[in-house]
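Model the structure of this input:
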Amino acid sequence: MGSVKHKRTKVVGRVPTTSQVAEGEIALNLADRLIYTNDGSKVITLGGGMPRVKKWSSGQYVYENGFMFIGTDDKLYMSAQNTHGQYPGNHTNDATHLGIVQVMTPNEPIIDCGTIGNHTCYFLTASGKLYTWGENAQGECGVGNTTTPIRKPTFVASDIARVESPKYVGYEGNTPHCYAQKKNGSWIGWGYNWNTCIAGNATTGGTVNTTKPIAVVGPSGKTIKRIWNGGGNTHGVWALMSDGKLYFKGTSYGGLGGVDDGHIALSDKLYRAWKVCVGLPTLSSTYYNDPYSATFDNYFELVHGWGYRNSTTYVRPSTWVRCNGTIYSTGNNDWSQLGRGAKGADDDRFVAISGMTSVKKIVTNGNGGPTPVHALKTNGELWSWGYAGYGQMGDGGSADIAAPKRTATSVADVWGGKGGHNYGYDSHFYIKKTDGSIWGTGDNATGSLCTEAVWKEIHSSWAKTMWGWIGEVKEMHPMNSQGEHCGTSYAITTDGRLYSAGRSDGGSGQGWWHWEQSNTSRNEMPRRLV
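The predicted structure is shown next:
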């Protein structure tokens, strides 16, 4: 028998081109377990294995600890509860978790996916076509004059370069708005237009929802370069303009906008026109002319977190900006999350946090609960402050920390949550040490931390976990998007494998649907899904 000429790679997500694989040859992707050949006109896959994770969803998480990802075959996959129609094509709303399923998409690569308020989903194709589905009560699907749920991926707009969905949001994330940048640089927005956070002017505003995209423009003479979406219940938006300054528009709950209007405290000041944020450096053209580059992301970062809300109580959120290594904070300070040495004194302007220089990353829990904050410095030191009721600081205690405190060293990365649906005091966090080991702290009621030591409900010190056993971890996703003691953790390895642990009552810990895996328990060790 003659041999078959073949090529091979170990790079996750690499697909051969027609110039690399001639007709009759085959190409093996050993990392993805996929086989390719040239059929005479194009490269096709012959299968050989299920795709792995190429890109996790953007922004906040799907309701009930669900998730979405783009596979190494450039297709879209998800696992989610269907109470708001997140499973496309299912005509009824129910609590079914089918496990991981493929979402039917146009026959071209998917380059981005995510949620718009955790009940509504979107994806973006390589050619710039945007599709949405799910909850649509505020017009957040953007498909036209309807507020009924959209049951399958539906076209919204073309020539889209990127989508700015809510990145962090807490309780009641179902009042969202969304923004997208066109390939020509202009911006559009749709959804919950509370106090003109999408469009309007200084004399007109209110809740006038937009069920289809409309133009979003900057102040006279200025161009929007990048947007940060405040999301549901924040009802605000930050934008970097062509003058290098950060602006805010919408509702500045408790001062989260950072626009210095009388140092308001616990006051919901409305801004129907763009207003310059106070206390931040002006960026040079090197950064604002290329605001989606790695250079920009290394220089500037904006993170916000919703405080707490139940049926009768609101506690306002906070905002942190990292600029050239220095952290600035504004907004609510009920748990000392502003890092200024005392709690309870809210502010409406950005102030630099003492000692917080040479910082390369900020994380918070992002959920609708009290706010812990961790900052990773370039020297590998982790500094922490804010709420610690469930041991989230990792310093061995449960007392809130008023000013930054060093809680770990030799840290390569740190991960916190990115929003949810219900409030949750009981968040958890992970760090990756420089030796590759993964450590966790915080709530462990569901076993989601997977500590090497015997289970206990709360870890108030950084504890070594079994997540380091699965191989080189690329990213961790600690979730608590349903309520108290509902933690789930996901881990993605550098070669695209996906693992989960913790709560899977809704089936979020299931693997591929057609493998007929099912588990409604709580797992205390990593369980491979993909």
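
Find the residue at the geometric middle of the protein.
Gly59 (2.7 Å; Cα atoms, centre = their mean).

Touching, that residue and Pro176? I think so.
No - with contact defined as Cβ atoms under 8 Å, Gly59 does not reach Pro176; the gap is 10.1 Å. Quick note: C-beta positions are derived from backbone N, CA and C, even for glycine.

got any residues that touch both of the two?
165-166 (Cβ atoms under 8 Å, 6 or more residues apart in numbering).

Break down this structure into its helices, ranges please.
285-288, 294-299 (DSSP state H).

from those, which stretch is densest packed?
Across the helices of the chain, averaging neighbours per residue (mean count of other Cβ atoms under 10 Å) puts helix 285-288 on top, at a mean of 16.

Distance check, Ile26 against Arg503.
In this structure, Ile26 and Arg503 are 42 Å apart, going by Cβ to Cβ, to the nearest Å.

Pick out whichever of these two has more residues nearby.
Arg503 (26 against 16; other Cβ atoms under 10 Å).

Make sure that one is actually in contact with Tyr490.
No - taking contacts as Cβ under 8 Å, Arg503 lies outside contact range of Tyr490: 11.6 Å.

So which helix or strand of this protein has the lowest pLDDT on average?
Using mean pLDDT, DSSP states H and E, the weakest-scoring helix or strand in the chain turns out to be strand 308-309, at a mean of 52.

Poorly predicted segments of the stretch 151-300 of the chain, please.
168-175, 195, 200-208, 232-234, 262-268 (pLDDT under 70).

Which parts of it are strands?
Counting by DSSP state E, counting those that start in this stretch, the stretch 151-300 of the chain has strands at residues 160-164, 177-182, 187-191, 210-216, 224-229, 236-241, 246-253, 268-276, 300-305.

Direction-wise, compare the fifth one with strand 268-276 and give the angle.
In this case it means strand 224-229. 160 degrees (axes from the mean of the first three to the mean of the last three Cα atoms, to 10 degrees).

Strand 224-229: partners in the sheet, and parallel or antiparallel?
Note on strand 224-229: by DSSP bridges, its sheet partners are strand 236-241 (antiparallel).

what does the strand it pairs with rub up against?
177, 179, 197-198, 218-219, 222-230, 246-253, 256-257, 271, 274, 277, 283, 288, 291, 300, 302.

bridging residues for the nearest residue to Gly471 once chain neighbours are set aside?
Among residues not flanking Gly471 along the chain, Thr493 sits closest, at 4.7 Å (Cβ to Cβ, 6 or more residues apart in numbering). Counting by DSSP bridges, Thr493 forms beta bridges with Val473.

Let me see the contact set for Thr493.
Taking Cβ under 8 Å, 6+ apart as the test, what Thr493 contacts is 470-474, 499.

Hmm, Glu140 is touching Cys121, no?
No - the criterion here is Cβ under 8 Å, and Glu140 misses it with Cys121 at 10.4 Å.

Name the residues contacting each of these two.
Thr132.

picking that back up, pLDDT value on the residue nearest to the centre of the chain, please?
Per-residue pLDDT puts Gly59 at 73.

now Val11
81.

gap between it and Glu135?
38 Å.

Which of the residues in stretch 37-52 are classified as buried?
Within stretch 37-52, the residues that count as buried by 16 or more other Cβ atoms under 10 Å are 37-38, 43, 50-52.

quick one: which of those residues sit in strands?
37-38, 43 (DSSP state E).

I'd like the residues you listed written out as a markdown table, with distance to Ile110 added.
A markdown table is the format used below for these (distance: Cβ to Cβ, whole Å):
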| residue | distance to Ile110 |
| --- | --- |
| Thr37 | 23 |
| Asn38 | 23 |
| Val43 | 18 |
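
Where does confidence bottom out across these?
Val43 (84).

What residues are recorded as beta-bridge partners of it?
If you apply DSSP bridges, the partners that Val43 bridges to are Asn38.

for the ones in strands among the buried residues of stretch 37-52, which one is nearest Asp112?
Val43 (22.9 Å; Cβ to Cβ).

sorry, back to before: wait, which of the strands of the stretch 151-300 of the chain is closest to Pro404?
It's strand 300-305; of the strands of the stretch 151-300 of the chain, that one is closest to Pro404 (Cβ to Cβ) at 15.0 Å.

Residues touching that closest one, excluding its own?
With Cβ under 8 Å, 6+ apart, strand 300-305 has contacts from 167-168, 170, 228, 230, 234, 238, 240, 246, 256, 283, 287, 317-324, 331, 337, 361-367, 371.

what's the angle from that strand to strand 246-253?
Going by the same axes, to 10 degrees, strand 300-305 makes 10 degrees with strand 246-253.

Strand partners (parallel or antiparallel) of strand 300-305?
Strand 300-305 is paired, per DSSP bridges, with strand 318-323 (antiparallel).

So this protein: which segments form each domain?
Domain segmentation of the chain under the TED database yields 19-48, 50-217, 358-529.

Could you check how far the last one is from the centre of its chain?
Right, domain 358-529. 14 Å (Cα atoms, centre = their mean, to the nearest Å).

Just the endpoints, please. Distance across it?
Using Cα to Cα, to the nearest Å, one end of domain 358-529 lies 37 Å from the other.

please renumber so the chain begins at 17
With 17 as the first residue, the last one maps to domain 374-545.

ok, what's across the strand from Phe316?
Assigned bridge partners for Phe316, using DSSP bridges, are Cys339.

ok, now Arg24?
Under the criterion used (DSSP bridges), Arg24 bridges to Leu44.

What distance do you get for it to Leu50?
In terms of Cβ to Cβ, Arg24 sits 11 Å off from Leu50.

how about the nearest residue to Ile417, chain neighbours excluded?
Trp401 (4.5 Å).

Show the contacting residues for that neighbour.
By Cβ under 8 Å, 6+ apart, the neighbours of Trp401 are 352-353, 355, 388-389, 409, 417-421.

I'd like to know how far it sits from Gly407.
14 Å.

just Leu62 next, same as before
Where Gly407 is concerned, Leu62 sits at a distance of 50 Å (Cβ to Cβ).

Please apply the same query to Ser35.
Distance from Ser35 to Gly407, by Cβ to Cβ: 55 Å.

neighbours around Ala418, how many?
19.

How about the contacts made by Phe85?
Contacts of Phe85 by Cβ under 8 Å, 6+ apart are 69-73, 92-94, 129, 514.

Looking at Ser35 and Gly407, which is more packed in?
Legend: neighbour count by other Cβ under 10 Å for Ser35 and Gly407, higher for Gly407 (25 against 8).

where does that one land on pLDDT?
94.

Now do the contacts for the nearest residue to it once chain neighbours are set aside.
Residue nearest to Gly407 in three dimensions, not counting chain neighbours: Ser476, with 3.1 Å by Cβ to Cβ, 6+ apart. Shown in contact with Ser476 (Cβ under 8 Å, 6+ apart): 404, 406-407, 409-414, 457.

and if we set it to 6 Å?
407, 412-414 (Cβ atoms under 6 Å, 6 or more residues apart in numbering).

which of those residues has the most neighbours?
Going by other Cβ under 10 Å, Gly407 tops those with 25 neighbours.

That one touches Asp459, doesn't it?
No - applying Cβ atoms under 6 Å, one finds Gly407 not in contact with Asp459, separated by 7.5 Å.

re the thing from before, which ones among the contacts of Phe85 are found in strands?
69-72, 92-94, 129, 514.

If anything else comes up later, I'll come back, but that's it for now.
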